[in-house]
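A.B. asks: Model the following, please.
(chains A and B)
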Amino acid sequence: MKFPAKTRPPEFALRFFRWFCDPLVVEDIEGDLTEMFWRDASSYSVRSANWRFAFNVLRLFRPGIVRKIKNPSLILHPSPMLKNYFITSIRSLARSKGFSAINIIGLAVGLATFCLISFYVYHELSFDRYHKNADRIVRIVENLRTENELLFQSVSSPPMGPHLLSYFPEVESYTRFQNWNLLAERNGISYYERDSYIADSTVFDVFSFQLINGDKKTALRDPFSIVLTESMAKKYFANEDPVGQTIKMDNDNYRVTGVMKDVPENSHFRFSNLISFSTWSRNNKQAEDREWFWNGFHTYILLRDASSIEQVRAKMQAFIKANIEKGGMYYEDLPLQPLASIYMDPQQRSWENGTRGSINNIYILSIIAVFILLIACFNYVNLATARASRRLKEVGLRKSLGAMRRMLIAQFLGESIIVAFIAALLSALIVWVILPQFRTIVDSPLSLSILPSLWQVVAAAFVLVLVIGILAGSYPALIISGFQPLQIFRPTTKGIYSHHNFRKVLVSVQFIISIMLVAGTLLVRDQIDLVKNQDLGFNKEATLVVPTNGDTVIMNHLEAVKNELKALKGVLAVTGSSTVPGQSTTNHYTQIEMTDGKMSPTNINFNFVDHDFLSTYKIKIIAGRDFRRDVKADDTTAFIINETAAKDFRWTADQAISKRVDHGNKGKIIGVFKDFNYQSLHTKVAPLMIALTYWPNRISIRIDSKDLAPTIDRVQQKWNELAPNLPFDYTFLDESFDRQYKADQQLSKVAGIFTGLAIFIGCLGLLGLTSFAVERRTKEIGIRKVLGASVVGVVILIAREFLWLIGIALIVATPITWILIQKWEQNFTLQAAINPSKFLLAGLCVLVFAGLTIVLLSYRAATANPTKALRTE
Amino acid sequence: MNRHQLGEFEEIVLLTVGILYKNAYGVAIIDEIQQRLGRNVSIGALQTVLRRLEDKGYLSSELGEATSVRGGKRKRYYSLTTLGSRVLRENQEQRVNLFKAIPNMAFPKQ
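C.D. replies: Here you go, the predicted structure:
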């Protein structure tokens, strides 16, 4: 087969190969490569042979083929030229102050946002890793199979810990927690301590919580012992030493046996005090031995060896079989969650203690951080290549005097690293100033103490700066150092200004990123508005929720208290219940009659309420009836379920009426109410059953929204009168309900701010580029004007170059964002439709900002006096 | 336990060098593997393994003639050393022994 005379293996790849290859084998491998090349050329095409050749060379770049570095000192050899490079770099930065400022500010803002987001991401990923035994601690969780469904629960039952310890030789220790919400009181200081936990005495062996005062062996041994955290100790004991003193919690007196350091902020659950487990277990010995389905505890297990988790997992089925009777409800599996993975586990489990992070948000934020850094780097690349013409004479001179190309590359790389360093210093300042605001935006304490040691942070920053400098500087360095001296001193514009397309690509990428961020932010906001304003099936507006904690004064006169409150002006309805929408419900072991007439066991969510619950929350009954005061039997034998529960037991709403229920006391279903979202829209509505109680934990007060503040005052006054020892510690139902979307709202806020920044940085770059374009075409514009071009004509001439890039960017950005947002919305049970007009809005927004930047500059050029432009030479 | 650990790819290259006898140089080895095993091998992968095998003493090499199709570069011919062929033989015996040790029950014919 004949080839054109000039056909040869690609020069660039070959040179690269000769450069890196070990001289011992360079000849025969090159021969092989060449032989392959000719063969490929005849069996495919010269073009594809070129590609294959280059690819082969790339794959040869590996240890074993690459030559050994003979004399490392050559690379590190210092030279007096370095000093000269440094001086010229600083001078050239100082000479064009505008460009340098744009470069440095852009990079600094980019770096600052990158650092802030990295800090946040680091914080989120550092959860629970501070425990010395972190890799050996696992939490035992449940996959519980009931008649109708598989429940994923984070809780476990009291016998599990002790039995796991005796069954598995791999288990070293365990500790169990249960959350108690107690009203603490000492010397008239009284607060609800919602984060009180009972814990086994082994808690200080398993976890690395620091006991400041007290003996960790005995602190939680005896009933009614309590260990306070420092901040709680301060709250009730001020500067006294609390150890040995007593504190009243609800109706019992507890002896303080220790004070510990506060639980670090990066812990998946935090507590204000720990109460000895024996306080509970001394009255519940039977439950502790046998109640395998009393799922109200969180059990953490310390393994002897981090790697034995697999062995324990392998034997878990045998453990379940050996210990737990298999009834209608059984454990399909008891998975083990490594401690560090709990916070970010994407598998939602019910009855979580503490808060959970969102790995999705971490991904999204990381992407935004990298995007912003990229935009800033692109700015540098664009401006540096555009400005190359300014440095041509210098490069030409250096080359004529014998500078080698790689020295010039080093010089220009060095220059970009210097810029990156200055930007880094500036960004440190920005971070310092912004950090407090950033903390409130992301609603996270982000204390510096969670960071590793100072020198590690500094080292990481140093590496980051080097990477940025090299990333941003390598392309301009290659371009500028590649000019031939002859070409420089006799410029034919073609060779020198031909990096236009590359710059256009970079600018389009910046636009794409900006549009994606703007459109993404708008769409995320749509989704959050949707879930917040969604009709949840109950009334959540203007409702106060006050905890009662089973206080006897209130409980003994519940009806009277309710009536007193109801009589106040502005109060519309009052109801008591064990829990309210948005807060966790308890689930109970219950037997329910199935379609075949048999009783079937299940675990169902319960809310114990009074007669006014459904009417206060405006929940509709769709079959049967509400509880009635005149039917005395309702107190113990009446149950009402939601639609989903009825569906779950395969009844229609009407069929469900008067089916039998056994929940300790036997009774019947008297009604079915319409589903309401008692949990966030992240999860589907689960079956719910309500029954009457006279011991509600919460009192909900619906008030007139037009008369909000005065009514609250009146309620507070009345409350203090009725229950002087009980704090009026109210929350607004809608606020606490919406707190379930905290992570999503944070995302939307953070994304919004950083979108603004991204556009700002992008526009900075555009500003530089346009001013360069104007400068380069000064003469052209002058001539055009002399020949009669209008100002508008000239502005369009320059703006055109950039504006159509925005159009392309819009086309590219739309589908990507569309898909990403669609994926994100899968987190909700209800998805907002993606509104195409948001993309147009995003495009328009970028267009306006970019357009303003461009038009401003080109207008100045267009209105300048042409004689001036033509006279400059 | 064999003292001479051979990777799977190393073994194939050794065998192919053996097959090609006096003709084993880079491109020829690649072709042979492609033909016999239908496996695409990059020059990079092959050359690293060849050098490793030479370092271990299983292969020796010498430079041969240059041809115009190779841009005037000489070929490097590889051949098995005695150590190399012994390692191959040991390897084969081990495999055969392992094969024989499989009970018939566990290894149904087709």
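
A.B. asks: since we're on whichever residue of the stretch 401-550 of chain A sits closest to chain B, how many residues are nearby?
C.D. replies: Going by Cβ to the nearest Cβ, chain B is nearest to A:Ser474 of the stretch 401-550 of chain A, at 24.5 Å. Bear in mind the C-beta positions are built from the backbone N, C-alpha and C, glycine included. A:Ser474 has 15 neighbouring residues, counting by other Cβ atoms under 10 Å in any protein chain shown.

A.B. asks: What score does it have for pLDDT?
C.D. replies: Per-residue confidence (pLDDT) for A:Ser474: 86.

A.B. asks: Check the one 5 residues further on too.
C.D. replies: A:Ile479 carries a pLDDT score of 79 in this model.

A.B. asks: roughly how far apart are it and A:Ala691?
C.D. replies: Going from A:Ile479 to A:Ala691 by Cβ to Cβ, to the nearest Å gives 77 Å.

A.B. asks: In terms of neighbours, single out the busier of these two.
C.D. replies: Counted by other Cβ under 10 Å, A:Ile479 and A:Ala691 do not tie: A:Ala691 has more neighbours, with 23 against 18.

A.B. asks: before we move on, back to that, show me the contacts for the residue of the stretch 401-550 of chain A closest to chain B.
C.D. replies: The neighbours of A:Ser474, taking Cβ atoms under 8 Å, 6 or more residues apart in numbering or on different chains as the test, are A:Ile409, A:Leu413.

A.B. asks: hmm, try it at 7 Å
C.D. replies: A:Leu413 (Cβ atoms under 7 Å, 6 or more residues apart in numbering or on different chains).

A.B. asks: before we move on, what about A:Ser514?
C.D. replies: Applying Cβ under 7 Å, 6+ apart, the residues near A:Ser514 are A:Ala758, A:Ile759, A:Gly762, A:Val846.

A.B. asks: Let's have those in TSV, adding secondary structure.
C.D. replies: Formatted as TSV, the contacts of A:Ser514 follow (DSSP: H, G, I helix; E, B strand; the rest coil):
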residue	secondary structure
A:Ala758	helix
A:Ile759	helix
A:Gly762	helix
A:Val846	helix
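
A.B. asks: hmm, back to that, need the three-state assignment for the residue of the stretch 401-550 of chain A closest to chain B.
C.D. replies: Under three-state DSSP, A:Ser474 comes out as helix.

A.B. asks: And for the nearest residue to A:Gly752 once chain neighbours are set aside, the neighbour number?
C.D. replies: Computed as Cβ to Cβ, 6 or more residues apart in numbering or on different chains, the closest residue to A:Gly752 that is not its neighbour in sequence is A:Thr521, at 5.0 Å. The number of residues packed near A:Thr521 is 23, by other Cβ under 10 Å.

A.B. asks: how far does the strand or helix carrying A:Thr521 sit from the chain's center?
C.D. replies: Per DSSP states H and E: A:Thr521 is located in helix A:500-533. Offset of helix A:500-533 from its chain centre (Cα atoms, centre = their mean, to the nearest Å): 18 Å.

A.B. asks: Strand partners (parallel or antiparallel) of the following helix or strand past that helix?
C.D. replies: Toward the C-terminus, helix A:500-533 is succeeded by strand A:543-547 as the next helix or strand (DSSP H and E). Strand A:543-547 pairs in its sheet with strand A:698-703 (antiparallel), strand A:731-732 (antiparallel), by DSSP bridges.

A.B. asks: Just the CA coordinates for the lengthiest strand in chain A, please, in CSV.
C.D. replies: Identified as the longest strand of chain A according to DSSP state E is strand A:171-186. Once non-C-alpha atoms are left out, strand A:171-186 reads as follows in CSV (Å, rounded to 0.1, in the frame of the first residue of the first chain):
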residue,chain,number,x,y,z
VAL,A,171,-17.6,-8.9,71.1
GLU,A,172,-15.7,-7.2,73.8
SER,A,173,-18.4,-4.9,75.3
TYR,A,174,-21.6,-3.2,74.6
THR,A,175,-23.5,-0.1,75.7
ARG,A,176,-27.2,0.8,75.3
PHE,A,177,-28.8,4.2,75.2
GLN,A,178,-32.4,5.3,75.6
ASN,A,179,-33.5,8.9,75.2
TRP,A,180,-35.4,10.4,78.1
ASN,A,181,-36.9,13.8,78.0
LEU,A,182,-36.7,15.1,81.6
LEU,A,183,-37.5,18.3,83.3
ALA,A,184,-34.5,19.1,85.4
GLU,A,185,-34.7,21.4,88.4
ARG,A,186,-32.2,22.7,91.0
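
A.B. asks: among the strands paired with strand A:543-547, which is the most enclosed?
C.D. replies: strand A:698-703 (a mean of 23; mean count of other Cβ atoms under 10 Å in any protein chain shown).

A.B. asks: so after that one, what's the next helix or strand?
C.D. replies: Next element after strand A:698-703 (DSSP H and E): helix A:708-722.

A.B. asks: And the contacts of the least confident helix or strand in chain B by mean pLDDT?
C.D. replies: For chain B, scoring each helix and strand by mean pLDDT, DSSP states H and E identifies strand B:59-66 as the least confident one, at a mean of 86. Applying Cβ under 7 Å, 6+ apart, the external contacts of strand B:59-66 come out as A:28, B:17, B:25, B:50, B:53-54, B:72-81, B:84.

A.B. asks: Dump the next helix-or-strand element following it to CSV, keeping only the CA atoms.
C.D. replies: Note on strand B:59-66: by DSSP H and E, the next helix or strand toward the C-terminus is strand B:74-80. C-alpha atoms of strand B:74-80 as CSV (Å, rounded to 0.1, in the frame of the first residue of the first chain):
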residue,chain,number,x,y,z
ARG,B,74,17.1,-3.1,15.3
LYS,B,75,15.0,-5.8,16.8
ARG,B,76,15.6,-7.3,20.2
TYR,B,77,15.2,-11.1,20.2
TYR,B,78,14.3,-12.9,23.4
SER,B,79,15.0,-16.5,24.2
LEU,B,80,14.2,-18.8,27.2
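
A.B. asks: Check which strands are paired with strand B:74-80 and give the direction for each one.
C.D. replies: strand B:59-66 (antiparallel).

A.B. asks: chain center to the strand it pairs with, what's the gap?
C.D. replies: 16 Å.
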